[in-house]
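Colleague: any chance you could fold what I've pasted below:
(one chain, ligands or ions: 1)
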Amino acid sequence: MTPAARFYNRAVCARVGEERKIYTCMRCGKTFSKPEMEILPGIRCPYCNFKIIMKVRSPAVKRVQAI
Ligand SMILES: [Zn+2]
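Modeller: Below is the predicted model of the structure:
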């Protein structure tokens, strides 16, 4: 593996790790990822618009069950 490829790999890993963070809405209980949340300005639930959301670090449980 070339140094460039290694660097690229690491960058991709970091990016995936960031996007894997899951958030939970404290009102409707739905979970969503950062890109979904950024559909709307500010930090709020993309489903019900509630402002209090909780960050859930490890989605180690289910590997995607929707979409
Ligand atoms: Zn919500």
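Colleague: K30 is in contact with Y47, correct?
Modeller: Yes - counting by CB atoms under 8 Å, K30 is a contact partner of Y47 at 4.9 Å. (Glycine included, C-beta is placed from N, CA and C.)
Colleague: now the end-to-end length of stretch 35-50.
Modeller: With CA to CA, to the nearest Å applied, stretch 35-50 spans 17 Å between its terminal residues.
Colleague: list of residues touching it?
Modeller: 19, 23, 25-28, 30, 32, 51, 53 (CB atoms under 8 Å, 6 or more residues apart in numbering).
Colleague: mark which of the residues you listed are buried, thanks.
Modeller: The neighbour count (16 or more other CB atoms under 10 Å) marks 23, 25, 32, 53 as buried among those.
Colleague: now tabulate the residues you listed in JSON lines and tack on secondary structure and pLDDT.
Modeller: Shown next, in JSON lines, are those (DSSP: H, G, I helix; E, B strand; the rest coil; pLDDT from 0 to 100):
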{"residue": "Y23", "secondary structure": "strand", "pLDDT": "92"}
{"residue": "C25", "secondary structure": "strand", "pLDDT": "95"}
{"residue": "F32", "secondary structure": "strand", "pLDDT": "92"}
{"residue": "I53", "secondary structure": "strand", "pLDDT": "93"}
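Colleague: filter those residues by proximity to the ion?
Modeller: C25 (CB under 5 Å from the ion).
Colleague: any chance of the buried ones among the contacts of stretch 35-50 in CSV, plus distance to P3?
Modeller: Formatted as CSV, the buried ones among the contacts of stretch 35-50 follow (distance: CB to CB, whole Å):
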residue, distance to P3
Y23, 35
C25, 43
F32, 36
I53, 39
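Colleague: can you tell me which of the buried ones among the contacts of stretch 35-50 is closest to the ion?
Modeller: C25 (3.1 Å; CB to the ion).
Colleague: can you pull the contacts of C28?
Modeller: C28 makes contacts with 45, 47-48, 50, as judged by CB under 8 Å, 6+ apart.
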